[in-house]
Each structure stands twice: as structure tokens, then as C-alpha cells.
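Undergrad: Sequence and predicted structure, then a few things I'm wondering about:
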Amino acid sequence: MDARVQQFMAMIKAKNPGENEFHQAVQEVSESLIPFIEENPKYKHAKILERIAEPERTVIFRVPWLDDKGDVQINRGFRIEMNSAIGPYKGGLRFHPTVNLGILKFLAFEQVFKNSLTTLPMGGAKGGSDFDPKGKSDNEVMKFCQSFMTELFRHIGPETDVPAGDIGVGGREIGYLFGQYKRLKNEFSGVLTGKGIEWGGSLIRPEATGYGATYFAQEMLATRGESLEGKTVCISGSGNVAQYATEKVTELGGKVVTLSDSNGFIWDPKGIDREKLNFIMDLKNIRRGRIKEYAVKYGTEYFADQRPWIIKCDIAMPNATQNEINREEAETLVRNGCICVVEGANMPSTIEAVEVFLNAGILYGPGKAANAGGVATSGLEMTQNSMRLPWSREEVDERLRIIMQNIHSTCVRYGKQDDGFINYVKGANIGGFVKVANAMVAQGLV
């Protein structure tokens, strides 16, 4: 590690002890940015990187709620408002037992760069709770969401901070959160994205992250004269991102052979076609079952407590959660002939895994670029809410595709090396940084 990066990271770790995911995210970015900042003294003098790594505001609050037995339960809520230099704070809410301050700070930090890359006027934020919606009744989820929003509402607004969904926060949760906000504020505004299409939502918002990551993969492959046609694709996860990535990959001629959840993964060498995907959507979105049921129904292999990166593939799309590909798994993917890794999840590859991909010279699309389609379409939903005008499915999809092409072009602009290799990590980090940094310099010490 560069001595300058070491010194910077020592400061970050001292100020943010025990927040390992946040340390990892900041280190990954600083390795690209510190040499760039040295070449651009205005950013160094204004200490832009140090300021970007410090949240503008951190809100932590208690969330008491009543379960169906009448017992009081208590969870912890968070909102990390990281940076508003280019627009209102924007970023999802995550409801999961693993949620803590360090994870949300890593996600908020990544969101600043991701939102900048979309070219839309959105700052970066993230929030959520250690509440687990799994196994809870609709009534319990509603009670929790209403209590959570009763505190959060005073910190957000359409011109201030516009949350969205994330892991554990889908259409049901957004509906309950929005209803409580509307009740408390006595206004109908675009304060949340991911809303139902009947009440201010945008068409293809559920599909956007998976579609966008697939469009990004398409652009990456095209730089080497390749396409998705005929490629075998391993996907992790089985939520929205994984489902719609599977749909779009299949539509573009690829064959998806794996999906997973927290208990294991299924391997279907014949490919997951439309009929099988419909079963998964019903299983996960309606019945909230486990992916193992797919293996039982279709007679495929199921690997308990394992991840799909042992399966031979051309393209890997980690769409589940952070740090789901380690060095050993990255080496297995490369050894098995994988030519492209595109991240639908946030920071799903460890720093060591990323080194393996870059050293092997394969196409590697980091999450802050590859999965920006979700927040980009949230931004389009904000635009539609401001205009009080919905757009057609085709119009939103076309805007999404163009945004992903533009993000790819930005990564190429800042990441193309003298030997022709495109370092998408460097390209995404510098490309996302420049717009925010220039705005911060222009606005002074705020």
C-alpha cells in the first residue's frame, strides 16, 4: 500500500474504530484517488477526500414497536447523510439484523460516488435498522415502519433527503413508511422512491438495478468484441436485483445457471428460463420461501451453505451482499475461465478479490458503477414526482440504458491505461469524485 494511503487510512481507522466495512470502502477509493489528488492540488488544499469521508450528519434513534403478542420490541434506527454537494441526500434504507453504523457508513460513502456517476443531481446517504422483516407478519412490519418513520420524518424531505428501499425494504415496507410520512406531514410529496406505480412510483424501478448491471456488462464486453449471447452466467442472490438481472441476461442471449440465498445456492446447467424465473419470483416475492425449493421442484443440484463461485462460468454477477467473493473464490472464477465480473450488490468483492481480478486482466465492474441503475431510476422517479407526470416503461428503460452507457464512458475516460486495459475501479472512483469535489470547492467550507 502507498505510504500516503497508509497515513490516510490510519487517520480514518483512528476516527472510526471497529467499522471494518467503512475502512474497506474508503481504502478502495483512496488507493485510486490519492495519486489523482496529488496531481490536482486544489483538492488536496481543500482536504476534499477527508471531508467526503466524514458524514455531514449522522442520526441514530430508538425504534420501539408492538409485536402481535402485545410485547414491546426495541430496535435501532439510523440515517447517514454523507454528502449533499450536488443535490439532496439520496440512498436506500436497509432492514437486516447485520445493520450497524459501520455498514451504513460504507454504503453511504459508496452512494456519494455512485450517485455522482449517474450525472443526476443527487447527494449520497444510507439508512436503516437492525430490524429483521423475515418471519414477521404484515401487521408487525407495519407497526415497525410506522415507529421508524415517526422519528425519521423530521430529517428527510423531497428537497432534503429522499430515501429508497434496500435489503429488507421492498414495496410493502415503502408503502407503510410513505403512509406514515404522509400522515405526519399532511402532504403528498416525492419523499421516498420505490413507491407503488399507482401512487407516484416509476415503471421498471424494481427491475432497474438488475437491468442496469446487465446493460453495464454489455458495454464492458463490447470493449473486447464480446456480447452476452451464448455466455454462461453465475448470479448470486434471488431478490429483485438477481431476478431482473436473470431476466435481462436471458433476454440478451445469456444463460443464467445459479441463484442463491443465505442458506445456499442452486445450480441449473440447463439455464433458468422464463417459466423457472416466474417460479422464483413467486417463491421469493410472494411466499417468501427458500431457494432450495427450486431444486426440489426442478430436480437440480442444491449446495447448502455455499456460494455459487465454484461453478464454471463466463460471467459472474454477485448480486447478494457485501464481501461475498473472497480471494480464493476470485481465483477459482479466474481459473475456471470467467472473463467478466459485474457487481449488482454493493462491495461484494473483498479488496483481495478485486486485486485478483485486476491482476488477471479480466473485465471487472465495481458496484458503484455497475449497480447505479437502481438509484438512477430512483432519480428518474424523483423527476416524475416533481413534474407530476409518469413516463412509459419504454421511456424509463431507454433513459436507464443511456445512463448506464454514460457511466461506462466515464469509467473508460478516467480508467483507461496506456496499455489499453480499462481499470473500471480507478475510472469509477475518479469519475465519481471529480463532480462532487468541484462542487465542494465551489461551495467553500460547508
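TA: Looks like it arrived, so ask away. Numbers count the residues shown, from 1 in each chain.
Undergrad: what's the weakest-modelled helix or strand in this protein?
TA: helix 373-387 (a mean of 92; mean pLDDT, DSSP states H and E).
Undergrad: Number of residues surrounding Val434?
TA: 17 (other CB atoms under 10 Å). Just so you know, the C-beta spots here come from the backbone N, C-alpha and C atoms, and that holds for glycine as well.
Undergrad: Could you do Arg274 as well?
TA: 11.
Undergrad: Surely it is in contact with Thr246?
TA: No. The criterion here is CB atoms under 8 Å, and Arg274 misses it with Thr246 at 9.7 Å.
Undergrad: longest single helix anywhere in this structure?
TA: helix 393-415 (DSSP state H).
Undergrad: now for that helix, which elements pack on it?
TA: helix 208-222, helix 367-370, helix 373-387, helix 424-443 (3 or more CB pairs under 8 Å, 6 or more residues apart in numbering; DSSP states H and E).
Undergrad: mean confidence score for the shortest one?
TA: Meaning helix 367-370. On average, the pLDDT along helix 367-370 is 96.
Undergrad: now do the last one
TA: Helix 424-443 carries an average pLDDT of 97.
Undergrad: I'd like to know which elements it is packed against.
TA: With contacts defined as 3+ CB pairs under 8 Å, 6+ apart, helix 424-443 has these neighbours: helix 20-38, helix 41-45, helix 48-52, helix 101-117, strand 363-365, helix 367-370, helix 393-415.
Undergrad: Sort out which residues of stretch 246-259 are buried, please.
TA: Applying a neighbour-count criterion of 16 or more other CB atoms under 10 Å, one finds 246-250, 254-259 buried in stretch 246-259.
Undergrad: Might you calculate how far it sits from the centre of the chain?
TA: Distance, stretch centre to chain centre, for stretch 246-259: 20 Å (CA atoms, centre = their mean, to the nearest Å).
Undergrad: Out of the helices and strands packed on helix 424-443, which gets nearest to Lys312?
TA: Nearest of the helices and strands packed on helix 424-443 to Lys312, taken as CB to CB: strand 363-365 at 17.1 Å.
Undergrad: Partner strands of that closest one and their direction?
TA: strand 340-342 (parallel) (DSSP bridges).
Undergrad: Show me what secondary structure element comes after the strand it pairs with.
TA: helix 351-360 (DSSP states H and E).
Undergrad: give the contact list for Phe188.
TA: Phe188 makes contacts with 182, 200, as judged by CB atoms under 8 Å, 6 or more residues apart in numbering.
Undergrad: quick one: it is in a strand?
TA: No. Using DSSP: H, G, I helix; E, B strand; the rest coil, the assignment for Phe188 is coil, not a strand.
Undergrad: Roughly how far does it sit from Arg154?
TA: Per CB to CB, to the nearest Å, Phe188 is found 18 Å from Arg154.
Undergrad: next one: Asn278
TA: 42 Å.
Undergrad: Return the most buried member of the helices and strands packed on helix 424-443.
TA: Mean neighbour counts were compared across these using mean count of other CB atoms under 10 Å; the top stretch is helix 367-370, at a mean of 29.
Undergrad: So which residues make contact with that helix?
TA: Contacts for helix 367-370 (CB under 8 Å, 6+ apart): 110, 113-114, 117, 212-213, 216-217, 342-348, 407-408, 411, 424, 427-429, 431-432.
Undergrad: go with 6 Å
TA: 110, 113-114, 117, 213, 216, 342-343, 346-347, 407, 411, 428 (CB atoms under 6 Å, 6 or more residues apart in numbering).
Undergrad: and which of those residues is nearest Ala360?
TA: Of all the contacts of helix 367-370, Ala360 sits closest to Val342, with 15.0 Å by CB to CB.
Undergrad: Can you report how many residues lie near Lys15?
TA: Lys15 is flanked by 11 other residues according to other CB under 10 Å.
Undergrad: Please report how far it lies from Arg307.
TA: 33 Å.
Undergrad: can you check Ile430 too?
TA: The spacing between Ile430 and Arg307, counted by CB to CB, is 31 Å.
Undergrad: Could you dump the buried residues of stretch 246-259 into JSON lines with pLDDT and secondary structure added?
TA: Formatted as JSON lines, the buried residues of stretch 246-259 follow (pLDDT from 0 to 100; DSSP: H, G, I helix; E, B strand; the rest coil):
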{"residue": "Thr246", "pLDDT": "98", "secondary structure": "helix"}
{"residue": "Glu247", "pLDDT": "98", "secondary structure": "helix"}
{"residue": "Lys248", "pLDDT": "97", "secondary structure": "helix"}
{"residue": "Val249", "pLDDT": "98", "secondary structure": "helix"}
{"residue": "Thr250", "pLDDT": "98", "secondary structure": "helix"}
{"residue": "Gly254", "pLDDT": "98", "secondary structure": "coil"}
{"residue": "Lys255", "pLDDT": "98", "secondary structure": "strand"}
{"residue": "Val256", "pLDDT": "98", "secondary structure": "strand"}
{"residue": "Val257", "pLDDT": "98", "secondary structure": "strand"}
{"residue": "Thr258", "pLDDT": "98", "secondary structure": "strand"}
{"residue": "Leu259", "pLDDT": "98", "secondary structure": "strand"}
